[in-house]
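[1] Quick one: sequence plus predicted model below, questions after.
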Amino acid sequence: MILCERLIKLNDYEQQTVNLSEYDPRWPGLFEQEKVSISSIFGAEDIHIEHIGSTAVPGLAAKSVIDIMLGVTELNSVDFRLDALKAQGWFYVPEYEDVMPFRRFFLKCDANGARSHHLHVVEYSGEFWHRHLIFRDYLRKHPEEARAYGDFKYSLLAKNIDTHKVYSEAKGVFIGALAQRAQLWWTAAKG
């Protein structure tokens, strides 16, 4: 816990090396455990919890960090639950709100102090919510696209594009094109 807090304060995550793993079938179970935990904090409030990111796509190589998206009716509903989230090991990271004021970001670390989970709290049915679900669902329905995405990630690491900041930036164009295809697929599927 203390190591995780120190890492957050040092804000050196962007300079750390990216480590990819082949898909781990335990990832959905790890998500489900946290979903139950988070649900207990919000009680009867109308919330929606989704597993997003690469760990949510079977067969896709990913950083071993479970991304969770919590959809709430009003973003400020999380503000008076900060202590309860912290009690469950979640650390609030408000620094990203300058760039993304529509999202509250939390992270959790494993026993060794490495990031293990990210929690993105957004308004349910907002643009962030839909964009991430469409992207995830597209990759789940198109394993060839998921494979290409995984291969692209490994190609970046092979070129020593391997710190979080540079790696994320380098994926931008590829993800943008993939997101466009996902949006077209979703629009067509809606009819």
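    Arrived safely, thanks for sending.
[2] From now on I want contacts and neighbour counts done on CA atoms only, so please keep to that.
    Will do.
[3] can you give me the helices in the chain?
    Applying DSSP state H to the chain gives helices spanning 2-10, 27-42, 82-87, 127-141, 143-158, 164-190.
[4] could I get the ones you listed as CSV with distance to I49 and mean pLDDT?
    Shown next, in CSV, are the helices of the chain (distance: least, CA to CA, whole Å; pLDDT from 0 to 100):
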stretch, distance to I49, mean pLDDT
helix 2-10, 24, 57
helix 27-42, 7, 97
helix 82-87, 15, 95
helix 127-141, 10, 97
helix 143-158, 22, 96
helix 164-190, 20, 94
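[5] what about these, which gets the closest to G113?
    Nearest to G113, of all these, is helix 2-10, at 4.9 Å by CA to CA.
[6] Name the single longest strand found in this protein.
    Identified as the longest strand of the chain according to DSSP state E is strand 115-123.
[7] Which strands or helices does that one pack on?
    Applying 3 or more CA pairs under 8 Å, 6 or more residues apart in numbering; DSSP states H and E, one finds that strand 115-123 contacts strand 66-72, strand 103-109, helix 127-141.
[8] repeat that with 10 Å
    With contacts taken as 3 or more CA pairs under 10 Å, 6 or more residues apart in numbering; DSSP states H and E, strand 115-123 sits against helix 2-10, helix 27-42, strand 47-52, strand 66-72, strand 91-92, strand 103-109, helix 127-141.
[9] Most tightly packed of the ones you listed?
    strand 66-72 (a mean of 23; mean count of other CA atoms under 10 Å).
[10] Show me what it pairs with in its sheet, parallel or antiparallel.
    strand 47-52 (antiparallel), strand 115-123 (parallel) (DSSP bridges).
[11] what's the distance between that strand and the middle of its chain?
    From the chain centre to the centre of strand 66-72 is a distance of 7 Å (CA atoms, centre = their mean, to the nearest Å).
[12] Quick one: mean pLDDT for it?
    Averaging pLDDT along strand 66-72 yields 97.
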